[in-house]
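Enquirer: Just a sequence and a predicted model for now, questions to come.
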Amino acid sequence: MTIQANPRAIPTGEDQALVQRFLDGEESAFTQITIKYRKQVYAVAFRFARNHAEADDLTQETFIRAYKGLANFRQEASLKTWLLRICTNLSINMKRSGRISKDSGDAVEDHDHGDQALSESRLLQQERHQELYRAIDKLPPKQKETLLLKTFQDMTCEEVAKIMKCSPGTVKANVFNAVKKLRSLLQAGVSP
Amino acid sequence: MNKPTPPYASEQEAFLAYLDNPNDAEARAAAGDLVAMMEEVDHLEDADPGQAYWNQFNHRLQQRLQGDASRPARWRLRAWFSQWQAPLAVAAMVLIAFIAWWPDLQRRPTPEVGQRLASMNDQELALIDDLFDPGYLDGNLGELADNDLALLLDVYQEEAPSLEFEVDLPSEDTFDSEAFKSLWNAEG
């Protein structure tokens, strides 16, 4: 598991320093990278997969790819963007190849709340979320992927554009069309 | 007096401005419905499977990384083979086709032998057929290998007189030994 250092990667920030330490052979630097970004990677994976088992698999796979590919990380984008791009690509590929089920219903809330009775307002909120997810599932793939990323932790259009490998203008157009279509789908009532 | 122009001519323009700057109050107001929709999607739960899961996460990741590194050679061989699967399959098919056609290619008579066969009458051809193993040829001279056929034609030319004589002999089914003895005595 020897990884050659990339001479073009010049460490300037905390992430770059971690990357450089890892490329210099310090395995614990990768553990620190994992701890720093694993929750965000998982959250993106969950947005696409919408069930814990597949989100977990995607998160693990993302860090395995990152481990193997860190030597090729050009540091043109931030480490976070790079990791989220890996996760997004994996999610999209798995979704398109049918390896991610549409909605297994294995929602992560089940782990958090256990057998606790849900309040009426929470039930209503969950119903609304389900309706929203069903509407999102009906969007064209590009619009859906762009919207899920853009609404994730206040990502900027530029960050999403880097992940989706398109222009910020395309991101904006996709988000606009996605939201407009969502609105009409929800107004018409989304069938399950 | 000029009427103040609205800051955004359309809902789309306002929404795009909101995407650039979510704090733009006028953009938010002008694209109210779409912004509300967007924020609803924004507030979909950011899943967190809990601390117990995260406590195990790095350990599991480490195990998978080590598993990948110590993957047995047969997996690497399989990965290599899968890359070359299509070219190897084509090469194997060409080889099988060649092996299947090779005997046919060898047996095909040359034009010279073909001409010699064409110049022979039916009786001569029947004699050549009799000379060869009938079970193998089954009357089909085209099945003979070129060398075999050339040799057979040479033998035929040498043996033709005696063969023609034997043709006149009675067949085995109607063979009469007494008649043969009298014929033998008469011919000397």
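Expert: Thanks, I have it. Note that the coordinates shown come from a computational prediction; the quantities given were computed from them, not determined experimentally.
Enquirer: the helices in chain B, which residues?
Expert: Assigned by DSSP state H, chain B shows helices spanning B:11-20, B:25-30, B:32-42, B:51-69, B:73-83, B:85-107, B:111-118, B:122-131, B:134-137, B:146-168, B:177-187.
Enquirer: Could you list the residues in contact with the first one?
Expert: Outside of helix B:11-20, the residues that reach it under the criterion Cβ atoms under 8 Å, 6 or more residues apart in numbering or on different chains are A:150, A:157, A:172, A:175-176, A:179, B:7-8, B:24, B:26-31, B:33-35, B:38. Placement of C-beta: from N, CA and C, glycine included.
Enquirer: let's see it at 10 Å
Expert: With Cβ atoms under 10 Å, 6 or more residues apart in numbering or on different chains as the test, helix B:11-20 has contacts from A:150, A:156-157, A:160, A:168-169, A:171-173, A:175-177, A:179-180, B:6-8, B:10, B:24-35, B:37-38.
Enquirer: need the contact list for A:Met155.
Expert: By Cβ under 10 Å, 6+ apart, the contact set of A:Met155 is A:44, A:80-81, A:84, A:149, A:161-163, A:171.
Enquirer: which sections of chain A are below the confidence cut-off?
Expert: Flagging of chain A using pLDDT under 70 yields the residue ranges A:1-12, A:98-118, A:190-192.
Enquirer: any idea which helix or strand carries the residue nearest the centre of it?
Expert: Centroid-nearest residue in chain A: A:Val44, 2.3 Å away (criterion: Cα atoms, centre = their mean). For A:Val44, the host element (DSSP states H and E) is helix A:27-49.
Enquirer: just how off-centre is that helix within its chain?
Expert: 10 Å (Cα atoms, centre = their mean, to the nearest Å).
Enquirer: got the buried residues for that helix?
Expert: Residues of helix A:27-49 classed as buried: A:29-30, A:32-34, A:37-49 (neighbour count, 16 or more other Cβ atoms under 10 Å in any protein chain shown).
Enquirer: now swap in stretch B:30-42 and tell me
Expert: Those would be B:30-31, B:34-35, B:37-38, B:40-42, for stretch B:30-42 by 16+ other Cβ under 10 Å.
Enquirer: Does chain A have contacts with that stretch?
Expert: Yes: applying Cβ under 10 Å from any Cβ of the partner chain, one finds that stretch B:30-42 is in contact with chain A at B:31, B:33-42.
Enquirer: okay, now B:Arg116: neighbour count?
Expert: 16 (other Cβ atoms under 10 Å in any protein chain shown).
Enquirer: Could you report the pLDDT at the spatially closest residue to it that is not a sequence neighbour?
Expert: Using Cβ to Cβ, 6 or more residues apart in numbering or on different chains and skipping residues adjacent in sequence, the residue nearest B:Arg116 is B:Leu153, 5.7 Å away. Note on B:Leu153: pLDDT of 71.
Enquirer: B:Ala79 too?
Expert: For B:Ala79, pLDDT reads 59.
Enquirer: residues contacting the residue nearest to the centre of chain A?
Expert: Contacts for A:Val44 (Cβ under 10 Å, 6+ apart) come out as A:55, A:58-59, A:62, A:83-88, A:90-91, A:148-149, A:152-153, A:155, A:163, B:46-47.
Enquirer: Of these, which qualify as buried by neighbour count?
Expert: With burial judged by 16+ other Cβ under 10 Å, the buried subset of these is A:55, A:58-59, A:62, A:83-88, A:90-91, A:148-149, A:152, A:155, A:163, B:46-47.
Enquirer: Work out for me the element A:Met94 sits within.
Expert: If you go by DSSP H and E, A:Met94 is part of helix A:79-96.
Enquirer: Show me what that helix is packed against.
Expert: If contacts are counted by 3 or more Cβ pairs under 10 Å, 6 or more residues apart in numbering or on different chains; DSSP states H and E, helix A:79-96 sits against helix A:14-23, helix A:27-49, helix A:52-69, helix A:141-150, helix A:157-164.
Enquirer: export the second one as CSV, just CAs?
Expert: This file holds the C-alpha atoms of helix A:27-49, laid out as CSV (Å, rounded to 0.1, in the frame of the first residue of the first chain):
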residue,chain,number,x,y,z
GLU,A,27,-1.2,6.5,7.5
SER,A,28,-2.8,8.3,10.4
ALA,A,29,-3.2,11.4,8.3
PHE,A,30,-5.7,9.5,6.2
THR,A,31,-7.6,8.5,9.4
GLN,A,32,-7.8,12.2,10.3
ILE,A,33,-9.2,13.0,6.8
THR,A,34,-11.8,10.3,7.2
ILE,A,35,-12.9,11.5,10.6
LYS,A,36,-13.1,15.1,9.3
TYR,A,37,-15.3,14.3,6.3
ARG,A,38,-17.0,11.0,6.9
LYS,A,39,-20.3,12.6,8.1
GLN,A,40,-20.6,14.9,5.1
VAL,A,41,-19.8,12.0,2.7
TYR,A,42,-22.4,9.8,4.4
ALA,A,43,-25.0,12.6,4.3
VAL,A,44,-24.5,13.0,0.5
ALA,A,45,-24.6,9.2,0.0
PHE,A,46,-27.8,9.1,2.1
ARG,A,47,-29.4,11.8,0.0
PHE,A,48,-28.9,9.6,-3.1
ALA,A,49,-29.4,6.2,-1.6
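Enquirer: By mean pLDDT, show me the worst of the helices of chain B.
Expert: Ranked by mean pLDDT, the helices of chain B end with helix B:134-137 in last place, scoring a mean of 52.
Enquirer: returning to what we had before: possible to save the helices and strands packed on helix A:79-96 as TSV with distance to B:Asn55?
Expert: Compiled in TSV, the helices and strands packed on helix A:79-96 are given as follows (distance: least, Cβ to Cβ, whole Å):
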stretch	distance to B:Asn55
helix A:14-23	21
helix A:27-49	11
helix A:52-69	14
helix A:141-150	28
helix A:157-164	29
